[in-house]
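>>> Model the following, please.
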Amino acid sequence: MNDTVHSVTLIWMNAPNRLVEGEGTWTVTNPKGERLVITMEEVLSDVTHDLGVDPGLQKDGVEAHLQELLAAACHELEEGMVLVRREHRTEIGPVDLLCRDAQGRAVAVEVKRQGGIDGVEQLARYLEFLDRDPTLRPVRGMFVAQVIRPQAKALAAERGITCVEVDYDALRGIESAQARLF
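Have a look, this model is predicted:
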């Protein structure tokens with residue numbers, strides 16, 4: 001039986017950190033000057049595997065992807081809807097999509113992954129500025145997200161803004177995980 005006692009201390013150090021490798025030690029230092037020194041007494045195995053070129057972090061399902069998909073298929077939001085412009089500028093920032101509905105009326109579309117009250121407020125501010133343009137007036141608003149919170153739906157209804165929940169996978173042409181058995 002091995003009577004060796006191993007003591008492990010875990011210390012959380014927030015990034016950014018600096019790592020210095022020495023002979024049998026690693027020293028990690030944070031900007032505050034706090035240091036963690038790791039001493040290696042015995043190396044049982046030291047193996048390196050070439051994993052190829054690092055593709056970098058690729059996040060799927062971000063707001064920008066959802067906006068791209070909706071710009072290409074804004075008829076999915078409402079029958080007859082067509083895209084006029086993405087990132088349409090206003091004096092207070094860009095509205096995600098400026099569209100025209102089947103009757104030719106301007107529709108400002110704000111896209112979020114998670115729809116909260118702040119997104120509805122943002123769209124309401126855009127609508128105020130867009131309504132000043134006689135070539136667009138009257139502009140109606142559409143708040144689009146994968147999930148819209150009940151409070152956001154209530155505020156949108158009070159402001160005359162339409163809410164639409166969309167399925168990101170369906171827009172990408174991928175069968176929904178809920179529809180699959182396995």
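
>>> contact partners of stretch 109-120?
61-63, 66-67, 70, 74, 77, 95-99, 122-123, 126, 141-149, 151-152, 155-156, 159, 161, 163, 165 (C-beta atoms under 8 Å, 6 or more residues apart in numbering). C-betas here are computed from N, CA, C, even on glycine.

>>> from those, which would you call buried?
66-67, 70, 74, 77, 95-99, 122-123, 126, 141-146, 148, 152, 155-156, 161, 163 (16 or more other C-beta atoms under 10 Å).

>>> ok, longest helix in this protein?
helix 117-130 (DSSP state H).

>>> Just the CA coordinates for it, please, in PDB.
Extracted in PDB, the C-alpha atoms of helix 117-130 (Å, rounded to 0.1, in the frame of the first residue of the first chain):
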ATOM      1  CA  ILE A 117     -38.000  44.200 -22.400                       C
ATOM      2  CA  ASP A 118     -34.800  46.000 -23.300                       C
ATOM      3  CA  GLY A 119     -35.100  44.800 -27.000                       C
ATOM      4  CA  VAL A 120     -38.700  46.100 -27.200                       C
ATOM      5  CA  GLU A 121     -37.600  49.500 -25.800                       C
ATOM      6  CA  GLN A 122     -34.800  49.600 -28.300                       C
ATOM      7  CA  LEU A 123     -37.100  49.000 -31.200                       C
ATOM      8  CA  ALA A 124     -39.600  51.500 -29.900                       C
ATOM      9  CA  ARG A 125     -36.900  54.200 -29.900                       C
ATOM     10  CA  TYR A 126     -35.900  53.200 -33.500                       C
ATOM     11  CA  LEU A 127     -39.600  53.500 -34.600                       C
ATOM     12  CA  GLU A 128     -39.800  57.100 -33.200                       C
ATOM     13  CA  PHE A 129     -36.900  58.100 -35.400                       C
ATOM     14  CA  LEU A 130     -38.000  56.100 -38.500                       C
END
